[in-house]
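K.L.:
Structure for this input, please:
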Amino acid sequence: MTTCAVEIDRLTAAWRTTRRELLAQRTTAGHWVGELASSPLSTATAISALVLSHRGSYQFAGDSTVGDIDELVQRELSDLVIPSLHWLARHQNDDGGWGDTDRSRSNIATTMLVRAVFQLTGIPAQYDRLVEQADAFIAHNGGVAALKRRFGKDKSFAVPILTNLALAGLVPWKQVSALPFEWACVPQHWYHFVRLPVVSYAIPALVAIGQAKFFHDPPRNPVMRFLRSACLKKSQAVLEKMQPESGGYLEAIPLTSFVVMSMASSGQTTSRIVQRGVEFLLNSVRSDGSWPIDSNLATWNTTLAVNALVPDQVPAAGSPDGPTAGSSDGQVLTDALLQWILDAQHTEQHPFTGARPGGWAWTDLSGGVPDADDTAGALLALSRWQQYGLGNNDAAVRQAAEAGAKWLIDLQNRDGGWPTFCRGWGHLPFDRSSCDITAHVVRALITWRPHWQTHKPRYFEAARIERAVHCGMKFLKKQQRLDGSWIPLWFGNQFHAAEENPVYGTSKVLLMLNDLKLLNSSMAQRATRWLVEAQLADGGWGPAISRDSGASCTQKPSKNYRFFQRKQFDNGEHFDDAGCKSSVEETALAVEALLNLSPATAEVCSVIDEGVAWLVRAVESGRLDDPVPIGFYFAKLWYYERLYPRLFAAGALARAVCRLAEATAPTPFPMEILP
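P.N.:
Take a look at the predicted model:
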């Protein structure tokens with residue numbers, strides 16, 4: 001790394017600013033919660049669920065007419081519904097549609113759901129023009145047929161949306177596919193054999209929406225009617241067992257809303273499932289009348305923060321700063337934080353997926369479900385306490401790490417990769433093995449390699465871990481694209497032709513290859529070449545523009561970058577020019593991955609310098625408060641997280657400061673990112 005692009009004092013100042021602001025976001029308990037974007041999609045589904053659940057509770061009330069019921073519902077919900085409708089109206093895009101966030105392009109799915117809520121609630125006069133524009137957007141973009149094309153064979157989201165539309169009277173029930181809710185009655189470990197039409201985490205929607213379809217449009221076949229009637233109570237029992245203490249399935253507002261509205265429309269408004277779901281929705285609404293997609297990503301954000309703020313190696317001997325240096329405000333690896341992470345580990349079999357004890361979810365709330373990505377993040381964070389010999393719970397840390405590693409190895413698919421929640425489902429995108437999760441898991445396992453070699457874990461031998469890592473590497477080698485990139489599962493870029501994010505996926509795998517000391521391998525060199533050429537003209541990274549459908553770019557965009565991007569994506573839908581710029585999140589990931597290259601060619605050094613300079617300018621200009629929608633959540637549901645720019649930038653800038661100091665000073669650099 002050279003020093004021509006940015007002075008060390010500016011770099012250090014930017015790093016200090018990022019670190020200070022990230023530390024300031026901690027709770028009083030010492031961990032990070034963050035804030036997910038408010039979502040028009042979540043807001044629309046939540047209002048629909050609340051209105052339908054209240055209507056259902058009055059549908060048998062004496063001799064009231066439908067008009068009387070609607071008036072009663074609107075009067076009782078007006079304090080909540082009217083502000084929410086105003087919020088939705090303010091966030092309609094210029095093309096008449098809505099995106100998943102206030103920074104997202106319009107899409108057919110969210111626009112249809114918002115249109116349904118205005119239909120269900122009755123439309124005040126000031127919203128007439130809004131509805132006309134929404135209808136025009138839906139018609140222009142292909143209507144129901146386009147919705148089904150968007151999600152393909154995966155019915156996890158298309159069928160719930162159509163159910164919401166049918167409940168609003170916007171589409172006939174004949175257009176809603178019947179979901180086989182009776183399969184929820186078979187043992188949970190059979191699910192991957194029957195090839196259900198929804199992903200593993202959408203089983204509650206399978207049951208509730210399947211029953212709503214059966215209630216409103218029963219099959220003509222008498223045998224099928226009898227079979228499904230016999231399975232109603234048992235499948236509802238499964239649904240109730242899966243519901244967490246908070247009432248929110250996966251802590252997700254859309255999923256919970258679909259369950260509530262479906263069961264309420266089927267006459268189940270007094271059921272415990274609906275009542276707890278309504279309570280969850282009412283507890284989740286924000287002061288402006290909007291809802292996020294999920295309660296929070298507290299565990300994910302906390303482990304990202306620990307791994308960004310604390311170096312993964314003990315400082316060199318003689319360094320003036322040790323792991324306990326610094327003021328109390330700067331301490332990261334505290335006993336309280338360690339205990340919080342340990343307490344977030346699941347220690348019982350999970351009713352939602354049947355997951356065995358040992359994993360971590362994205363949140364510490366009751367609706368979280370253990371998954372591979374968050375378990376890997378937790379193991380990496382716990383390794384910091386182990387490496388620095390901090391805390392009074394060394395045995396507890398080792399025990400948690402061993403249980404987490406065993407949980408991950410048991411989850412590994414036959415193809416060598418890791419899925420998100422459930423082993424072996426395989427045929428739908430969000431259940432298959434993924435590159436970003438596999439790379440993250442491998443990093444977590446090898447980080448604990450010295451411990452496995454020194455201490456023999458109780459549950460498994462170190463050789464089994466090595467086999468798992470070897471199979472994971474074979475999977476990643478097969479999944480590398482011809483251009484050298486990898487595609488992640490849970491992150492995308494809305495301005496990429498295929499809504500993919502190869503910058504994220506490739507950076508994550510390169511970080512893993514660095515930990516394995518394999519940056520000289522052919523797969524690492526091809527990935528490095530792709531990442532270098534994907535740098536945008538402004539020096540940062542963002543959507544990897546391609547002139548080929550769905551492919552990653554193979555040459556660095558020129559000064560005409562904006563022309564190519566606009567030509568690729570300006571297809572009549574909402575086009576947010578700000579979204580075309582490089583992002584803090586993607587630039588930080590790319591820079592952190594490339595900084596590991598040593599020695600690097602002059603070309604790579606130049607690319608790194610430009611990327612670091614871009615990050616420094618971003619911090620100086622306040623872009624840490626400018627998150628972008630790069631996250632997928634539920635079947636192409638976009639989100640952004642307020643902490644992501646600081647989380648990703650903190651790690652990249654810390655690594656850049658250390659690398660630059662190594663190149664300019666013979667003495668150890670003070671590791672002030674230590675607690």
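K.L.:
Would you map the strands across the stretch 251-400 of the chain?
P.N.:
291-292 (DSSP state E, counting those that start in this stretch).
K.L.:
Can you show me the helices along it?
P.N.:
253-265, 272-284, 298-309, 335-343, 372-388, 394-411 (DSSP state H, counting those that start in this stretch).
K.L.:
For the fourth one, which helices and strands make contact with it?
P.N.:
When contacts are defined as 3 or more CB pairs under 8 Å, 6 or more residues apart in numbering; DSSP states H and E, helix 335-343 sits against helix 298-309, helix 372-388, helix 394-411. (Each C-beta comes from the backbone N, C-alpha and C, glycine too.)
K.L.:
mind saving the C-alpha coords of the longest one as CSV?
P.N.:
Pointing back at helix 394-411 there. This file holds the C-alpha atoms of helix 394-411, laid out as CSV (Å, rounded to 0.1, in the frame of the first residue of the first chain):
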residue,chain,number,x,y,z
ASP,A,394,-12.6,-18.9,29.8
ALA,A,395,-14.2,-22.3,30.3
ALA,A,396,-17.6,-21.0,29.3
VAL,A,397,-16.2,-19.4,26.1
ARG,A,398,-14.5,-22.7,25.1
GLN,A,399,-17.7,-24.7,25.8
ALA,A,400,-19.8,-22.2,23.8
ALA,A,401,-17.3,-22.3,20.9
GLU,A,402,-17.2,-26.1,20.8
ALA,A,403,-21.0,-26.3,20.8
GLY,A,404,-21.2,-23.7,18.1
ALA,A,405,-18.7,-25.4,15.9
LYS,A,406,-20.4,-28.8,16.3
TRP,A,407,-23.7,-27.1,15.4
LEU,A,408,-22.2,-25.7,12.2
ILE,A,409,-20.6,-29.0,11.2
ASP,A,410,-23.8,-30.8,11.7
LEU,A,411,-25.5,-28.2,9.4
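K.L.:
Give the buried residues for that helix.
P.N.:
397-409, 411 (16 or more other CB atoms under 10 Å).
K.L.:
What is the least confident helix or strand in this protein?
P.N.:
One helix or strand of the chain scores below all others by mean pLDDT, DSSP states H and E: helix 561-569, with a mean of 32.
K.L.:
Show me what the next helix or strand after that helix is packed up against.
P.N.:
The element immediately downstream of helix 561-569 (helix or strand, assigned by DSSP states H and E) is helix 584-594. Counting contacts by 3+ CB pairs under 8 Å, 6+ apart, helix 584-594 is packed against helix 502-515, helix 522-533, helix 602-620, helix 644-664.
K.L.:
so how far is helix 584-594 off the chain centroid?
P.N.:
Counting by CA atoms, centre = their mean, to the nearest Å, helix 584-594 is centred 18 Å from the centre of its parent chain.
K.L.:
If you average the pLDDT over that helix, what comes out?
P.N.:
Averaging pLDDT along helix 584-594 yields 97.
K.L.:
Stretch 423-434 too?
P.N.:
74.
K.L.:
Same question for stretch 403-418.
P.N.:
Here the average pLDDT along stretch 403-418 is 94.
K.L.:
now do stretch 343-359
P.N.:
91.
K.L.:
one step back: kindly state which of the helices of the stretch 251-400 of the chain is positioned closest to Asp9.
P.N.:
helix 298-309 (21.0 Å; CB to CB).
K.L.:
The closest one packs against which elements?
P.N.:
helix 8-23, helix 335-343, helix 372-388, helix 644-664.
K.L.:
Between helix 298-309 and the second one, find me the angle.
P.N.:
Between helix 335-343 and helix 298-309, the angle comes out at 130 degrees (axes from the mean of the first three to the mean of the last three CA atoms, to 10 degrees).
K.L.:
now helix 335-343, how far from the centre of its chain.
P.N.:
Distance, centroid of helix 335-343 to centroid of chain: 23 Å (CA atoms, centre = their mean).
K.L.:
Just the C-alphas of that helix, formatted as CSV.
P.N.:
Provided in CSV are the C-alpha atoms of helix 335-343 (Å, rounded to 0.1, in the frame of the first residue of the first chain):
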residue,chain,number,x,y,z
ASP,A,335,-17.3,-9.1,30.8
ALA,A,336,-20.8,-7.8,30.4
LEU,A,337,-20.6,-8.0,26.6
LEU,A,338,-19.1,-11.5,26.7
GLN,A,339,-21.9,-12.6,28.9
TRP,A,340,-24.5,-11.1,26.6
ILE,A,341,-23.1,-13.0,23.6
LEU,A,342,-23.0,-16.2,25.6
ASP,A,343,-26.5,-15.7,26.8
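K.L.:
Good, wrapping up.
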